[in-house]
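>>> take this sequence and fold it.
(chains A and B)
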Amino acid sequence: MEKITVFTSTSVPLMNDNIDTDQLIPKQFLKNILKTGFGKNLLYDWRYIKPNVPNPDFILNKPERQGAQILVTGDNFGCGSSREHAVWALKDYGFRVIIAGGYSDIFYMNSTKNGVLAIRMPKGQREFLAQLPADQEMTIDLIHQKVIADGKEFSFDIDEKIKHKLVNGLDDIAITMDYMDKIKAYESKMPNFN
Amino acid sequence: MSKTMIDKIWDQHVIEGTEGEPQLLYVDLHLLHEVTSPQAFEGLRENNRPVRRTDRTFATMDHNVPTVDIFNVKDMISKRQIETLAKNCEDFNVRLADMGHADQGIIHAIGPQLGLTQPGMIIVCGDSHTATHGSFGSIAFGIGTSEVEHVLATQTIWQTKPKKMGIRVHGKMPNGVFAKDVIMGIIAREGVSFGTGYGVEFYGDTIRNMEMEERMTLCNMAIEGGAKMGCVESDQKTFDYVRGRKYAPKNMDKAIEYWKQFKTDDESAFDKIIDLDATQLAPFVSWGTNPGMAIPIDDVTPEIKNSDDKKAYDYVGLQPGTSLKDVDIKWAFFGSCTNGRLSDLKIAASILKGRHIAKGLTAWVVPASRTIKETAEKMGIDKIFKDAGCEWREPGCSACLGMNPDHVPAGVHCASTSNRNFEGRQGAGSRTHLASPAMVAAAAIHGHFIDIREEAI
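Numbers count the residues shown, from 1 in each chain, chains lettered A, B, ... in the order given. The predicted structure is shown next:
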């Protein structure tokens, strides 16, 4: 997994609450059997008027927002379906950091498995970030748990174990394999009803 | 200190770690389907890892499958995803209810039906409606594909214990009010994220009096309120339901003795409690683009409070202050992991019996599994639907999410027994109104919703 420590980029504000994973990546794009190639269909129904015709009014399509790798958004982001394709689409599009009021539990876990940093931040601070000009860069310092933009610094909380994994780009399965003796010991004590 | 049922099951499954941080949990049952598993199997191949416990893993295809002419999958990408699951199951020796197999169906219907779902278990699946299985007194939740790969490789999962919320439901549900209305009523009142970070347990006399399939409906939609797990303590109804099924324990007495320990000590064990008086409930229908945007049938659609409401009204083509009895319904969908089980079909059929659906209305009946379909056919339920003008179809997820050929056309208002009314969920531009099977059946007859408590159906 790609590490994330200190990261600087421009951002895109999309302040709707409850952006569900059906919107992030609609069902017709879930049929790919790879993890790549989902970015072009991120937020498809909002982003395109019809196939291959971008909606010029939608913020992701604005010329000044191209290349931004931080998404600033509303509350309960990624609710609904468990599809990890939503995270793959965000990442494939280029987003490495999401700043929301909160996340669905499944989406949050999915983000941690893909090197995407999902930050929780109160509304006032997000509104400050959202009104910054398109060319304003912000720095995300995961080590010190800070978002720095336009001379201001905001702290954020993150679980220590998840932070350790993201900072070091660790793969969960490799970590778990170290516990195989304990897993087997657990299995040997399980009740048998047959 | 008092413990909840969730605490007791959770603590029993911890292999490593302390409460408050991610803990490594043992997974008793891992269910798979074709959409969220291909990349997980590919990850195993890349790292030369086997499926660690094939005896605790079970797969089926449900999201992509056609519900007519099932072996003729016309969408080549769907076909590849279906074939990929079949090949992965063969290569990794995983049990599969393949296309056309007697056990095939929506994964959340066949887990209970086959006796795979049992009390006291931790059950996961790459699908948010895994919450359904919590109705057996187990912990069950949806996971992402990276986690699917992790469970396949290790039979364990890293999770942080959620806070515990008790939802106390009491009183007799009025006539015309069902389990679907209980959960829709809770979400309408509390919002679509009230359960985020919580494991929810439903309890109280209303829940005790519910049959197993009603409890499944209830827990199924916990995720629509943000709670990734919703559960109900097991009782004699649970044990009777499991007994004798294909994969049920052979020594049921021993199993029941074990299962009985997973009970919430008392209400003080919950971090939060919310209360619902079921006697005050009415049939609910959703008007907007998330399941919280729902109203009792005798109410009118709400004022616009924010830009999300505005966006929802624009999408569904309605105005504030509208009665949902006045909206033209041109489509009806009976099915899904929420309300596609035999008891749901029976209720809908009892209303449709001897009647005909409205002129110009299309109604699809999609049993949640092949067993449900065949049982219904033996009982003559299919004939009631067909005589009423409905299409009787093969099992699958169908128009609940339209990953398959079953789409509701753009601009059409659909009365649906499913679980999500998100933009485009049932097809690009489709307008979904979630409701109970009885309400959908009545809407199909009249071409608009009616209050089934008052009006002659």
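>>> correct me, but residue B:33 touches residue B:111?
No: with contact defined as CB atoms under 8 Å, residue B:33 does not reach residue B:111; the gap is 11.2 Å. C-beta here means a position set from N, CA and C on the backbone, and glycine is covered the same way.
>>> give me the more crowded residue out of these two.
residue B:111 (27 against 23; other CB atoms under 10 Å in any protein chain shown).
>>> give the helix, strand or coil label for that one.
Judged by DSSP: H, G, I helix; E, B strand; the rest coil, the three-state class of residue B:111 is helix.
>>> that one contacts residue B:57, doesn't it?
No: at 11.9 Å, residue B:111 does not count as touching residue B:57 under the criterion of CB under 8 Å.
>>> need the overlap of contacts for the two.
Each of residue B:31 lies in contact with both residue B:111 and residue B:57 under the rule CB atoms under 8 Å, 6 or more residues apart in numbering or on different chains.
>>> for chain A, just list every one of the helices.
A:21-24, A:44-47, A:85-93, A:105-112, A:123-130, A:160-168, A:172-177, A:180-188 (DSSP state H).
>>> in TSV, list those along with mean pLDDT and mean neighbour count.
Converted to TSV, the helices of chain A look like this (pLDDT from 0 to 100; neighbours: other CB atoms under 10 Å in any protein chain shown):
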stretch	mean pLDDT	mean neighbour count
helix A:21-24	96	24
helix A:44-47	95	18
helix A:85-93	97	25
helix A:105-112	96	27
helix A:123-130	98	16
helix A:160-168	94	16
helix A:172-177	93	17
helix A:180-188	98	13
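>>> please identify which of those helices is closest to residue B:312.
helix A:21-24 (12.2 Å; CB to CB).
>>> which strand runs longest in chain B?
strand B:163-170 (DSSP state E).
>>> element containing residue B:371?
Secondary structure from DSSP states H and E places residue B:371 in helix B:370-378.
>>> so for that helix, what gets flagged as buried?
Neighbour counts over helix B:370-378 (16 or more other CB atoms under 10 Å in any protein chain shown) mark B:370-373, B:376 as buried.
>>> mind listing residues that contact the helix or strand that that helix is followed by?
Scanning forward in sequence from helix B:370-378 by DSSP H and E, the next helix or strand is helix B:381-387. Helix B:381-387 is contacted from outside by B:334, B:345-346, B:348-349, B:352-354, B:356, B:363, B:365, B:373, B:376, B:392, using CB under 8 Å, 6+ apart.
>>> output helix B:381-387 as CSV, restricted to C-alpha atoms.
The C-alpha coordinates for helix B:381-387 follow below in CSV (Å, rounded to 0.1, in the frame of the first residue of the first chain):
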residue,chain,number,x,y,z
ILE,B,381,-48.9,-17.9,-5.0
ASP,B,382,-47.3,-17.5,-8.4
LYS,B,383,-50.7,-18.0,-10.0
ILE,B,384,-52.2,-15.2,-7.9
PHE,B,385,-49.5,-12.8,-9.0
LYS,B,386,-49.8,-13.8,-12.6
ASP,B,387,-53.6,-13.6,-12.7
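>>> chain center to it, what's the gap?
For helix B:381-387, the separation from the chain centroid amounts to 24 Å (computed by CA atoms, centre = their mean, to the nearest Å).
>>> following that helix, which helix or strand shows up next?
strand B:391-392.
>>> what's the following helix or strand after that following strand?
Beyond strand B:391-392 on the C-terminal side, the first helix or strand identified by DSSP H and E is strand B:413-416.
>>> for residue B:280, grab the count of nearby residues.
Residue B:280: 11 neighbours (other CB under 10 Å).
>>> per-residue confidence at it?
Per-residue pLDDT puts residue B:280 at 97.
>>> before we move on, what about the one 4 residues further on?
What the model reports for residue B:284 is a pLDDT of 98.
>>> and the one 10 residues further on, by the same measure?
Reading off the confidence values, residue B:294 has pLDDT 98.
>>> tell me the contacts of it?
So residue B:294 contacts B:184, B:187-188, B:284-288, B:434 (CB under 8 Å, 6+ apart).
>>> list the ones among the residues you listed that fall in helices.
B:184, B:187-188.
>>> who wins for most neighbours among those residues?
Neighbour-wise, the ones in helices among the contacts of residue B:294 (other CB under 10 Å) top out at residue B:184, 28 neighbours.
>>> I'd assumed residue B:293 was in contact with that one.
No: the criterion here is CB under 8 Å, and residue B:184 misses it with residue B:293 at 10.5 Å.
>>> what separates stretch B:321-329 from the chain centre, distance-wise?
26 Å.
>>> same question but for stretch A:85-99, I mixed them up
5 Å.
>>> and the pLDDT at residue 67?
Let's take chain A. Confidence score, pLDDT, at residue A:67: 96.
>>> I was thinking of chain B, sorry if that wasn't clear
At residue B:67, pLDDT is 96.
>>> Three-state assignment for it, please.
Quick answer, by three-state DSSP: residue B:67 is coil.
>>> OK, contacts around the residue lying closest to it once chain neighbours are set aside?
Spatial nearest neighbour of residue B:67, excluding adjacent residues (CB to CB, 6 or more residues apart in numbering or on different chains): residue B:393 at 3.9 Å. Applying CB under 8 Å, 6+ apart to residue B:393 gives the contacts B:67-68, B:364-367.
>>> take those residues and lay them out in CSV including distance to residue B:260.
Formatted as CSV, the contacts of residue B:393 follow (distance: CB to CB, whole Å):
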residue, distance to residue B:260
B:67, 40
B:68, 45
B:364, 41
B:365, 38
B:366, 36
B:367, 33
